[in-house]
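Trainee: test case, fold it:
(one chain, ligands or ions: 1)
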Amino acid sequence: MEIKIDKIIRSRRRTLALQITPDARLIVRAPKRASLDYIKKTVFKKRLWIKEKQKIMQKRCQDIVVREFKEGEEFLYLGNQYRLSVVEGARPLSFDDGFKLSDIYRNKAKELFADWYKKKAFEKISERVQWYAALFGLSHKSIKITDAQKRWGSCSVEDKLCFSWRLIMAPLGVIDYVVVHELAHLKVKNHSKKFWTQVEVMMPDYKQHLKWLKNNDHLLSF
Ligand SMILES: [Zn+2]
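Mentor: Here you go, the predicted model:
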């Protein structure tokens, strides 16, 4: 299996590091004096990891959607894709096993969707926080929905919880994982071993949801 090295960046570092860029290119960061032979050998040893990572990145590139809010386009909600219909009528945006957008509001579609997602995110996430908090006897100060692109949740030192509205596009298990993660911070503020044990107690299968989030976060961009 031939592995193409797209770029070698040499610097005053001690070890080799391999990086796969979002467009699936392989970049090798190497110490100034590392021989090309040594670099090639290391890359060959890591070939399975490289191929796997490149496959993931290529898939991500294909998945990135340009939204035009046209008839038939699909939108994520709780991990499922729902079809958009553009209809006549005064109601800007509604949902009933699919999205209905009024044609006179098409130029406002992005805002309408974001507002709809924010409202649903607040309802669903509040409900999940309350459920898990009651189950584990935890109490928080407040819940806020944020506009963050990638920071899915946070827990302040004053026990105020924040969640990004974009999470509402993810499957419920993934939302629950982020909820549990932030609730676990009510007990342990850092990401120590003790913290992850707490997460595991609250959600034994959390790893699969964390993995989903790592591999699919690009689907939640809006
Ligand atoms: Zn955390």
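Trainee: report the contact partners of G98.
Mentor: By C-beta atoms under 8 Å, 6 or more residues apart in numbering, G98 lies in contact with 82-85. (Each C-beta comes from the backbone N, C-alpha and C, glycine too.)
Trainee: of those residues, which is the nearest to L220?
Mentor: Y82 (15.0 Å; C-beta to C-beta).
Trainee: name the residues of the top helix by length along the chain that are buried.
Mentor: The longest helix of the chain (DSSP state H) is helix 109-136. Buried positions in helix 109-136, judged by neighbour count with 16 or more other C-beta atoms under 10 Å: 109, 112-113, 116-118, 120-122, 124-125, 128-129, 132-133.
Trainee: so in this protein, which strand runs the longest?
Mentor: strand 80-87 (DSSP state E).
Trainee: look up phi and psi at A17.
Mentor: phi -140, psi 140 (degrees, to the nearest 10).
Trainee: what's the following helix or strand after the helix or strand bottoming out on mean pLDDT in the chain?
Mentor: Scoring the helices and strands of the chain by mean pLDDT, DSSP states H and E places helix 47-63 at the bottom, with a mean of 89. For helix 47-63, the following helix or strand on the C-terminal side (DSSP states H and E) is strand 74-77.
Trainee: isn't L186 right up against V157?
Mentor: No. Between L186 and V157 there is no contact under C-beta atoms under 8 Å: 10.8 Å.
Trainee: noted, bye for now.
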